[in-house]
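**Q** Sequence and predicted structure, then a few things I'm wondering about:
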Amino acid sequence: MKNINKGAAGIGLRAPHYKDILNLQPDIGFLEIHSENYFNPDSQNHFYLHQIAQHYPMSFHGIGLSLGSSEPICTKHLSKLKQLVDIFQPALVSDHLSWSSLQGNFFNDLLPIPYTREALQNFVNNVNQVQDFLQRQILIENPSSYLQYKNIDMGEPEFINEIISRTGCGLLLDLNNIYVSAANHNFSVNQYLEVINDRAVQEIHLAGFTRKQVNNDSILIDSHSSYVSQAVWDIYRQYIQNTKTDAVTLIEWDLEIPPLSELISEKNKAENIREKIFSLECDYET
């Protein structure tokens with residue numbers, strides 16, 4: 001296992017960039033993969049991952065555990081994930097605060113969870129099952145949302161904090177998701193971040209969103225198809241300033257994937273923000 005340096009910045013590993021990363025071996029703190037894309041040991045994805053993982057630390061980010069489902073976790077899926085994790089020993093393993101399966105059918109969506117005590121206990125049970133099976137901690141990513149349940153027992157950050165407290169899992173803090181949800185539901189990003197357990201944050205996601213017009217209103221969509229917005233960069237800068245977190249940072253870009261150089265440029269922005277903040281701290285101390 002290659003450890004990720006504290007505060008490192010990385011990018012998502014995407015197929016169009018396999019050869020460039022292998023040939024150029026650019027300065028990237030770590031690479032994140034979507035775990036399910038590498039389950040097949042005979043696939044081209046798996047072939048390239050074997051080579052690339054020799055040079056870079058890895059974070060494995062899943063979308064298929066359906067941790068919020070009231071149905072049992074798919075043991076076949078979990079076994080495939082364990083096989084992948086055991087082979088590559090990534091520094092981090094994560095999935096989402098969502099559900100995506102019903103009666104054996106899996107949907108291509110990360111569906112929202114009602115923040116009730118019953119849903120909390122169910123999610124806690126599933127996270128504990130996964131961590132016991134993998135024999136390691138996982139991270140849970142906060143969602144982006146486009147609707148809200150009427151009957152809830154607590155807010156999203158409180159719900160996440162309870163999961164962390166009851167399972168010992170870590171948090172993958174997606175700042176773009178918070179911004180998107182805050183804009184869609186008219187709540188304060190700052191108040192959300194004041195509640196969330198900063199000590200549990202091990203990875204931060206930054207991504208781009210798109211704006212969609214719906215009747216006479218607009219909604220933000222967490223599309224991962226564009227540059228990180230200035231508003232999200234500002235939130236990131238303030239969060240690093242306030243918390244001095246050692247969490248690593250990932251630039252997510254999954255659709256309309258740009259040249260590798262553009263992803264690295266976005267990654268460099270995150271590094272520069274951290275460097276300026278911590279260099280100022282050092283100046284004040286001297």
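**A** Good, I have the coordinates.
**Q** other SSEs contacting the helix or strand hosting residue 264?
**A** Assigned by DSSP states H and E, residue 264 belongs to helix 260-285. Packed against helix 260-285 by the contact rule (3 or more Cβ pairs under 8 Å, 6 or more residues apart in numbering; DSSP states H and E) you find strand 9-12, helix 18-24, helix 230-243, strand 248-251. Heads up, the C-betas are built off the backbone N, CA and C, glycines and all.
**Q** Kindly reformat these as CSV containing mean pLDDT.
**A** What follows is the helices and strands packed on helix 260-285, written out as CSV (pLDDT from 0 to 100):
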stretch, mean pLDDT
strand 9-12, 98
helix 18-24, 97
helix 230-243, 98
strand 248-251, 98
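**Q** Out of those, the one nearest residue 259 is which?
**A** helix 18-24 (8.4 Å; Cβ to Cβ).
**Q** how about the closest one: buried residues?
**A** 18, 21 (16 or more other Cβ atoms under 10 Å).
**Q** Averaged pLDDT, the helix or strand following that helix. What do you get?
**A** Moving toward the C-terminus from helix 18-24, the next helix or strand (DSSP H and E) is strand 31-34. In this model, strand 31-34 has an average pLDDT of 97.
**Q** Then stretch 46-62?
**A** The model assigns stretch 46-62 a mean pLDDT of 97.
**Q** show me where the chain has strands.
**A** With DSSP state E, the ranges of strands along the chain come out as 9-12, 31-34, 58-61, 92-96, 99-102, 105-111, 139-141, 170-174, 201-206, 210-214, 217-221, 248-251.
**Q** Now do the helix holding residue 264, average pLDDT.
**A** 88.
**Q** before we move on, the earlier item: any chance of the strands of the chain in a markdown table, plus distance to residue 23?
**A** Compiled in a markdown table, these are given as follows (distance: least, Cβ to Cβ, whole Å):
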| stretch | distance to residue 23 |
| --- | --- |
| strand 9-12 | 16 |
| strand 31-34 | 15 |
| strand 58-61 | 19 |
| strand 92-96 | 26 |
| strand 99-102 | 36 |
| strand 105-111 | 33 |
| strand 139-141 | 31 |
| strand 170-174 | 30 |
| strand 201-206 | 26 |
| strand 210-214 | 32 |
| strand 217-221 | 34 |
| strand 248-251 | 21 |
